[in-house]
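S.K.: One predicted model, sequence on top.
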Amino acid sequence: MAEVTKLIHKYLRHDKKFPHVWCPGCGNGIVLGALIRAIDRLGYEKDDIVLVSGIGCSGRLPVYVDFNTLHTTHGRALTFATGVKLANPKLHVIVIMGDGDATAIGGNHFIHAARRNLNLTAIIINNNIYGMTGGQYSPTTPYGALATTAVYRNIEHAFSIAELAVTAGAAMVARGTVYHANMLDKLIEKAILKRGFSVVEVVSNCHTQYGRRNKLGGAVQMLQWQKDHAVRVEKAAEMPEEELADKFTVGVLVDRDLPIYTEEYKKIREAARAKMAAMR
Amino acid sequence: MNEQATTGRQVLLQGNEAMVEGALAAGCTFFAGYPITPATEISEVMSVKLPAVGGTFIQMEDEIASMGAIIGASLAGAKSMTATSGPGFSLMQENLGFACVAEVPCVVVNVMRGGPSTGLPTNVSQGDVMQARWGTHGDHPIIVLAVSSTKDCFDITVKAFNLAEKYRTPVIILSDEVVGHTREKINLPHPGEIEVIDRIRPNMPPEWYVPYEDNSRGVPPMGIFGDGYRYHVTGLIHDVRGFPTQRPDEIVPFLNRIHRKISQHFFDILMVEEELAEDAEILVVAYGSVARSAKRAVREARQRGVKAGLLQLITLWPFPRQILEPYLRKVKAVLVPELNMGQVSREVKRINQGVTRVETINRIDGNLITPEEILVRLIKM
């Protein structure tokens, strides 16, 4: 059996009624593939993995894989994940979100999860648009782009998801693309292994709702765009600013050791026990 | 519920503090909350006591997040709880609906204050009876319990956890500013004296586990994340395996089951207190802090020769219709005093269908209805 077939048999749900909901050429499948390869390399038990998502095209991702899967409400995936992780810190909790999911409706939860530093992994698929609802502008839709709620052009300015996560205090932040699929699974693997809150922003393509309306071509052209505009973090550090104007960086943006919430909370429990014992 | 237990540890507690004691006695190990008057003491005391018993307290960024966190914790096996007041309760409604549909046990306390909006943050009200029933969108089952004393705050919180676990549903406790902040002496029972119910877990081989399959109770056994029963949890309408469905033949049985699991256990869920009600000619129907005033008013009315009685509702939803109906047929009049513009009285009138006279006392000025107010009305009636 080919390697990929083995992985499909091992990780995809056999009792789930395929086909999936995604358009042909969608980046979500590539992210799912990268996630499965990363988890397979780590050798984690399926029982020990909880895959949590919000709402949108990305929200449907967990249903296809044979882990403990939790499809929550729009923007709230990180709050549910926080509860899961605190109730059972041994579980590997991985959260999948979209750009609107994580930075619009879930923006507050996102920055606070980063600040709090629980040992969670957040993978944010950024396709610059609300795809499932039909192409409305999101917080990462570029200035001047077209969307069904910005038919005259978008006059809002986009978030950089990864940089937002760095500023909010995440322990590890990386950015990848669905074009660089092999790099992506290494970034995800590193993020899952990271002790603390880790974020992987995945630059993806929604040719159906974003590319078509903005005349960026189909899936192939949009993947080509990713290839042409992605610069490795290490290389970008040596490049002059003018050359980076229309580029974005890929790789690990930040990787720092910070106190982990669940480890800190163990100390709180000890202090509380000592206080209660003293009161008796 | 107000009779003192003969054994146990005697303490002077605020209603809000007693709720924490009740939650801990019921086995609560996870609390997520956000500060709000007049519920904040519950968070504060939880933050002190939960870590001491190996549990976890977390202050989230808002009430939306608090509700999400307690659902997540419950799915991972913890008995979980949050506490808030009106504005925060509004924010919880979306995820509360998720807990109904995904059948996740949890307890949500709303210490009611004056509304609407920011309203009267430090004043008492009972304005959230209907929000507790219908706050989240779509037809959904819910259990709502009302507390009237510090003792209730302990006992009913234990009961709320038990019902949540037994029926895999969120249970809402409606307290109010007066109940939450009144200090009373109560006896905290010894742990062995309290009935604690835990959710039924699957015990079949994992490959046989069908997570949302119907059974005679209407409550499927609940797998816990990490225990080997991997399944899908979603707020979408799902088939018996938990996977999203749009098939009418799967949608209807699912929605019917989650309603049936509450309705068919009505008498297990139903809790009322009756005071001089059996031979009453005038029945006072009250709940929460107002039931305290009503109890005194009824006793005093009897001394003045007015045959009044009290039906105190502890279970507000499902509404105790089967208990109320026989009274409606035999009393001369019903009086519903409440701290809103007529939320429970509306339900009483709906059930009454003109059988007897239903009067109301509605106080919305942020103060408690006094025994005198009720007594004066009882004498007039």
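M.R.: Okay, I see it.
S.K.: tell me the helices in the stretch 101-250 of chain B, going along the chain?
M.R.: Ranges of helices in the stretch 101-250 of chain B, per DSSP state H, counting those that start in this stretch, are B:129-134, B:150-167, B:177-181, B:248-263.
S.K.: Likewise for the stretch 151-280 of chain A?
M.R.: A:161-168, A:181-193, A:219-229, A:233-236, A:261-279.
S.K.: If you count neighbours, what's buried in the fourth one?
M.R.: Pointing back at helix A:233-236 there. residue A:236 (16 or more other C-beta atoms under 10 Å in any protein chain shown). C-beta coordinates here come from the backbone N, C-alpha and C atoms, glycine included.
S.K.: The first one too?
M.R.: When burial is assessed from 16+ other C-beta under 10 Å, helix A:161-168 yields the following buried residues: A:161-162, A:164-166, A:168.
S.K.: For the stretch 151-300 of chain B, which segments count as strands?
M.R.: Shown for the stretch 151-300 of chain B, the strands assigned by DSSP state E, counting those that start in this stretch span residues B:170-176, B:183-188, B:232-234, B:272-275, B:282-286.
S.K.: nope, chain A is what I was after
M.R.: Using DSSP state E, the strands of chain A run over A:49-53, A:68-71, A:92-98, A:121-126, A:129-130, A:136-137, A:172-177, A:198-203, A:230-232, A:248-255.
S.K.: Give the pairing partners of the fifth one; include direction for each.
M.R.: Taking DSSP bridges as the criterion, strand A:129-130 forms sheet pairs with strand A:136-137 (antiparallel).
S.K.: now the helices of the stretch 101-250 of chain B in JSON lines, with distance to chain A, mean neighbour count and mean pLDDT?
M.R.: Listed next are the helices of the stretch 101-250 of chain B as JSON lines, based on distance: least, C-beta to the nearest C-beta, whole Å; neighbours: other C-beta atoms under 10 Å in any protein chain shown; pLDDT from 0 to 100:
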{"stretch": "helix B:129-134", "distance to chain A": "18", "mean neighbour count": "20", "mean pLDDT": "98"}
{"stretch": "helix B:150-167", "distance to chain A": "15", "mean neighbour count": "26", "mean pLDDT": "98"}
{"stretch": "helix B:177-181", "distance to chain A": "23", "mean neighbour count": "25", "mean pLDDT": "98"}
{"stretch": "helix B:248-263", "distance to chain A": "11", "mean neighbour count": "16", "mean pLDDT": "98"}
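S.K.: between those helices, which gets nearest to residue A:228?
M.R.: Checking those against residue A:228 by C-beta to C-beta gives helix B:248-263 as the closest, at 46.5 Å.
S.K.: For the closest one, what is the distance to the chain centroid?
M.R.: Offset of helix B:248-263 from its chain centre (C-alpha atoms, centre = their mean, to the nearest Å): 22 Å.
S.K.: Then stretch B:257-269?
M.R.: 15 Å.
S.K.: who's in contact with the closest residue to residue A:101 other than its chain neighbours?
M.R.: Using C-beta to C-beta, 6 or more residues apart in numbering or on different chains and skipping residues adjacent in sequence, the residue nearest residue A:101 is residue A:54, 4.0 Å away. Taking C-beta atoms under 8 Å, 6 or more residues apart in numbering or on different chains, we find residue A:54 in contact with A:72-77, A:96-98, A:101-102, A:106.
S.K.: Quick check: ChimeraX command selecting the buried ones in these.
M.R.: In ChimeraX, this line selects whichever of the contacts of residue A:54 come out buried by 16+ other C-beta under 10 Å:
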select /A:72,73,74,75,76,77,96,97,98,101,102,106
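S.K.: so what's the residue nearest the centre of chain A bridging to?
M.R.: Centroid check for chain A by C-alpha atoms, centre = their mean gives residue A:123 as the closest residue, at 1.5 Å. Listed by DSSP bridges, the beta-bridge partners for residue A:123 are residue A:96, residue A:200.
S.K.: Low-confidence regions, the stretch 1-150 of chain A specifically.
M.R.: Residues of the stretch 1-150 of chain A that meet the criterion pLDDT under 70 lie in A:1.
S.K.: for it, what spans make up the helices?
M.R.: Secondary structure of the stretch 1-150 of chain A (DSSP H, counting those that start in this stretch): helices at A:3-11, A:28-42, A:77-87, A:99-100, A:107-116.
S.K.: Just want the angle from the longest one to strand A:121-126.
M.R.: Helix A:28-42 and strand A:121-126 are oriented at 160 degrees to each other (axes from the mean of the first three to the mean of the last three C-alpha atoms, to 10 degrees).
S.K.: Give me the contact status of helix A:28-42 with chain B.
M.R.: No - remark: helix A:28-42 sits outside contact range of chain B, by C-beta under 8 Å from any C-beta of the partner chain, the gap being at least 13.4 Å.
S.K.: Can you mark which positions in that helix are buried?
M.R.: Within helix A:28-42, the residues that qualify as buried are A:28-40, counting by 16+ other C-beta under 10 Å.
S.K.: picking that back up, do you know which of the helices of the stretch 1-150 of chain A lies nearest residue B:146?
M.R.: Across the helices of the stretch 1-150 of chain A, residue B:146 has its closest neighbour in helix A:77-87 (26.7 Å, C-beta to C-beta).
S.K.: who's in contact with the residue nearest to residue B:246 when sequence neighbours are not counted?
M.R.: Computed as C-beta to C-beta, 6+ apart, the closest residue to residue B:246 that is not its neighbour in sequence is residue B:237, at 7.7 Å. By C-beta under 8 Å, 6+ apart, the contact set of residue B:237 is B:101, B:244-246, B:250-251, B:254-255.
S.K.: How many residues are close by residue 13?
M.R.: By default, I'm working from chain A. Residues lying near residue A:13 (other C-beta atoms under 10 Å in any protein chain shown) number 19.
S.K.: The chain in question should be chain B.
M.R.: Using other C-beta under 10 Å, residue B:13 has 21 other residues around it.
S.K.: any idea what sits nearest it, other than its immediate chain neighbours?
M.R.: residue B:150 is the one closest to residue B:13 (C-beta to C-beta, 6+ apart), at 5.5 Å.
S.K.: ok, the one you found - contacts?
M.R.: Residues near residue B:150 by C-beta under 8 Å, 6+ apart: B:13-15, B:18, B:179, B:182-184, B:186.
S.K.: And residue A:113, by the same measure?
M.R.: Here residue A:113 is in contact with A:78, A:81-82, A:120, A:122, A:197 (criterion: C-beta under 8 Å, 6+ apart).
S.K.: quick one: residue A:14 from chain B, how far?
M.R.: Distance, residue A:14 to chain B, using C-beta to the nearest C-beta, to the nearest Å: 11 Å.
S.K.: so what's that residue up against?
M.R.: Contact analysis of residue A:14 by C-beta under 8 Å, 6+ apart lists nothing.
S.K.: thinking again about what came up before, ok, so of the contacts of residue A:54, who is nearest residue B:68?
M.R.: Comparing the contacts of residue A:54 against residue B:68 with C-beta to C-beta places residue A:76 closest, at 4.5 Å.
S.K.: Once you drop chain neighbours, what's closest to the closest one?
M.R.: Spatially, and ignoring its direct neighbours in sequence, residue A:76 is nearest to residue B:68 (4.5 Å; C-beta to C-beta, 6+ apart).
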